[in-house]
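Participant: Provided below for reference: sequence and predicted model.
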Amino acid sequence: MNILMYWEQESWGGVDTHLLTLLKFWPEKSDKIILVVNTENNGFKRIKAELEDIKYVVCLEVRSISQNQLINRCRNNFILKFFYPILHFIQPIIFILCVKKFKNFIKKTIIKKYGPIDLYVGNNGSYPGAWGTLCFAESAVSLGIKGTVLIVHHAATKPLPFMDWFEKIIDRRLSKSLLAIISVSKATRETLINFRFLKPELINLPVIHNQTGENNPNIKDNLRVRDLISAQDNEKIVGIVGRVSSYKGHADLLFGLARTGNQIKKKIRIVIIGDGPEE
């Protein structure tokens, strides 16, 4: 099979790890997987070397003109940062232009070289999240790619003010054109139903939990966090694994523990595993 994937984001984190694990342990090695990412994708830069070592994976970069990417570029420009709110009101135009660009990219760069595409997989953080992923899905559908699915990793967000009419159109279109929107948890699936305009009766909304892959041979089987921090047998270990960033919830865990009694605090050790911005 020829499988096309698109992954658009700015930062890095769990979506990167999920995708790398998925591709490393892909069951059918005879498949050809064409992974397309936006040029400013820091998550891709983090795992690029490992992806390029997978023989059945081809990595391509494209400069996206999605709503998210244009806003980020404006925010990072000394002059344009004062005008980026205007983009909010011309989102439908941006969406159409982005779909047109991706459609040409798929036809001229991908299909021309690798042949017809059997399946499209959009890899997204939240929903709608990176609008480029939805634009790519729209492009894939318009080119007649029958199998089109979207993976959503985080909670869906409510429509933005004044643009709910446009987001409703996109949600309803995807409900009719996509084979499925896959959530990585039941909680994520519930937000798709409760916060969005998707039609569950028209589209499959399965839950597929993240896989962990095989054991890393570089990690000793007897490695135990309890031993590393010299925790006593009567102490409970609470761990949080992921990028150390404000919205990931580390502060919530610490504040929650701070509100407990001293007897509970004495029995708990918090272990934070992850990396992030120095600040």
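Facilitator: Perfect, thanks for sending it.

Participant: return the residues in contact with residue 105.
Facilitator: Taking Cβ atoms under 8 Å, 6 or more residues apart in numbering, we find residue 105 in contact with 36, 62. C-beta here means a position set from N, CA and C on the backbone, and glycine is covered the same way.

Participant: just say helix, strand or coil for it.
Facilitator: helix (DSSP: H, G, I helix; E, B strand; the rest coil).

Participant: could you report the neighbour count for residue 268?
Facilitator: 13 (other Cβ atoms under 10 Å).

Participant: now the residue nearest to it when sequence neighbours are not counted. Its backbone dihedrals?
Facilitator: Of all residues not flanking residue 268 in the chain, residue 236 sits nearest, at 5.3 Å (Cβ to Cβ, 6 or more residues apart in numbering). The phi/psi pair for residue 236 (degrees, to the nearest 10) reads phi -100, psi 140.

Participant: give me the pLDDT for residue 236.
Facilitator: Residue 236 is assigned 90 on the pLDDT scale.

Participant: where's it relative to residue 251, distance?
Facilitator: Applying Cβ to Cβ, to the nearest Å, the value for residue 236 to residue 251 is 20 Å.

Participant: cool, residue 38 as well?
Facilitator: 30 Å.

Participant: so the residue nearest to residue 268 sits right up against residue 270, yeah?
Facilitator: No. The pair residue 236 / residue 270 is not scored as a contact, 9.9 Å apart, by Cβ atoms under 8 Å.

Participant: all helices for the protein, in order.
Facilitator: For the chain, applying DSSP state H gives helices covering 14-24, 42-52, 67-75, 91-105, 112-114, 131-142, 164-177, 186-195, 225-228, 250-258, 262-265.

Participant: report the buried residues of the second one.
Facilitator: It stands for helix 42-52. Within helix 42-52, the residues that qualify as buried by neighbour count (16 or more other Cβ atoms under 10 Å) are 43-44, 46-47, 51.

Participant: mind putting those in a markdown table, pLDDT included?
Facilitator: Shown next, in a markdown table, are the buried residues of helix 42-52 (pLDDT from 0 to 100):
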| residue | pLDDT |
| --- | --- |
| 43 | 92 |
| 44 | 94 |
| 46 | 91 |
| 47 | 93 |
| 51 | 94 |
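
Participant: number of residues surrounding residue 102?
Facilitator: Using other Cβ under 10 Å, residue 102 is surrounded by 25 other residues.

Participant: now it: closest residue in space, sequence neighbours ignored.
Facilitator: Spatially, and ignoring its direct neighbours in sequence, residue 102 is nearest to residue 139 (4.1 Å; Cβ to Cβ, 6+ apart).

Participant: show me the contacts for that neighbour.
Facilitator: Applying Cβ under 8 Å, 6+ apart, we find residue 139 in contact with 99, 102-103, 106.

Participant: out of the buried residues of helix 42-52, which is nearest to residue 89?
Facilitator: Nearest to residue 89 among those, counting by Cβ to Cβ, is residue 43 at 29.4 Å.

Participant: OK, contacts around the closest one?
Facilitator: Residue 43 makes contacts with 7, 9, 11-13, 15-16, as judged by Cβ under 8 Å, 6+ apart.

Participant: could you rerun that using 10 Å?
Facilitator: Contact analysis of residue 43 by Cβ atoms under 10 Å, 6 or more residues apart in numbering lists 7-17, 19-20, 37, 123, 125, 243.

Participant: which of the residues you listed are buried?
Facilitator: For these, a neighbour count by 16+ other Cβ under 10 Å gives the buried set as 7-9, 12-17, 19-20, 37, 123, 125, 243.

Participant: and of these, the nearest to residue 178?
Facilitator: residue 123 (13.7 Å).

Participant: tell me what that closest one is bridged to.
Facilitator: Per DSSP bridges, the residues bridged to residue 123 are residue 7, residue 151.

Participant: contacts only, for it.
Facilitator: Listed by Cβ under 10 Å, 6+ apart, the contact set of residue 123 reads 5-9, 15-16, 18-19, 22, 35, 37, 43, 129-130, 133, 150-153.
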